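Trainee: Generate a structure from the sequence data that follows.
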Amino acid sequence: MFSLTAIALITFSLPYAAEAARCSDTGGEYEAWKAEMAAEAKAEGVGKRGIDALMATSYSKATIGADRNQKSFKYSLDKFLSVRGADTIVKQGRSRKAKNAGFYQSLEAAYGVPAGVLIAIHGMETGFGGFMGDTNVVSAIATLTYDCRRSDFFRPHLIGALKMVDKGMISAKTIGAKHGELGHTQFLPGNAYKYGVDGNGDGRVDLYNQADALATTANYLRQKGWKPGQGYQEGEPNFAVIKEWNAAKVYQQAIAIMGAQIDG
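Mentor: Presented below is the predicted three-dimensional model:
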């Protein structure tokens, strides 16, 4: 058995861990932070293209503004459904399901997730691809990692984004939502990197391609615990998995309600 003295000697002889890149509540130290973060990213396996993308980013005031002002999730369920255009999503969703029945059936066969849920998410996130964002993805996710409010949450997504650049899944100029979400169903980059699926069989994962995005969404939900054949309304087994998609209760309820209406 080691003596306390021996343990102390071993403890103090260990090298100190490198200090993590420090967050800030203002943009003033962003350029210095980028250099610190680049060193950490390189140590985690990010290559030259990813590092170059990080160093080309700029502090996104638009992202910070959006992060401080998320009003819609404070709405009642009825207000949220109205504001997000639930009736239109359901109507268009039914039409899309009918026109592409084979595609949605193949996704349900592979992942167990019904068409209604995938279509509701697609409609809610981007209006079926009508608007996928106006903000540089890498700058947005880097800004949120730099910002002290939720730095630990966003850091893995920054690493994911930089590795996506390395692999050619996105570029340093890719545009997405204010919080760095990308593609038809607005995946955060770390999730896109981890759960990405080539849904159209062209040999690459591109979440700006509808087939890839929806296959990736189905894969994500399955990997998070979706139980094929089980219900997804509130109180049923798969409602808990919808919570993995979005933390807001009204959003979860809206997806379940619209999904059931689309599925008929």
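
Trainee: The closest residue to residue 41 other than its chain neighbours is in what secondary structure piece?
Mentor: Among residues not flanking residue 41 along the chain, residue 162 sits closest, at 5.6 Å (C-beta to C-beta, 6 or more residues apart in numbering). Yep, even glycine has a C-beta here, placed from its N, CA and C like the rest. Secondary structure assigned from DSSP states H and E places residue 162 in helix 151-167.

Trainee: Mean confidence (pLDDT) on that helix, please.
Mentor: On average, the pLDDT along helix 151-167 is 97.

Trainee: Can you verify my assumption that residue 96 contacts residue 128?
Mentor: Yes - here residue 96 reaches residue 128: they are 6.9 Å apart, a contact under C-beta atoms under 8 Å.

Trainee: following the helix or strand of the chain with the lowest mean pLDDT, which helix or strand comes up?
Mentor: Using mean pLDDT, DSSP states H and E, the weakest-scoring helix or strand in the chain turns out to be helix 4-13, at a mean of 35. Scanning forward in sequence from helix 4-13 by DSSP H and E, the next helix or strand is helix 30-43.

Trainee: got the CA coordinates for that next one in PDB?
Mentor: Extracted as PDB, the C-alpha positions of helix 30-43 are listed here (Å, rounded to 0.1, in the frame of the first residue of the first chain):
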ATOM      1  CA  TYR A  30     -12.300  36.500 -29.400                       C
ATOM      2  CA  GLU A  31      -9.200  36.600 -31.600                       C
ATOM      3  CA  ALA A  32      -7.000  35.500 -28.700                       C
ATOM      4  CA  TRP A  33      -9.500  32.800 -27.800                       C
ATOM      5  CA  LYS A  34      -9.400  31.500 -31.400                       C
ATOM      6  CA  ALA A  35      -5.700  30.800 -31.100                       C
ATOM      7  CA  GLU A  36      -6.100  29.000 -27.800                       C
ATOM      8  CA  MET A  37      -9.100  27.000 -29.100                       C
ATOM      9  CA  ALA A  38      -7.200  26.000 -32.300                       C
ATOM     10  CA  ALA A  39      -4.500  24.400 -30.200                       C
ATOM     11  CA  GLU A  40      -7.100  22.400 -28.300                       C
ATOM     12  CA  ALA A  41      -8.900  21.400 -31.500                       C
ATOM     13  CA  LYS A  42      -5.700  20.200 -33.000                       C
ATOM     14  CA  ALA A  43      -5.000  18.100 -30.000                       C
END
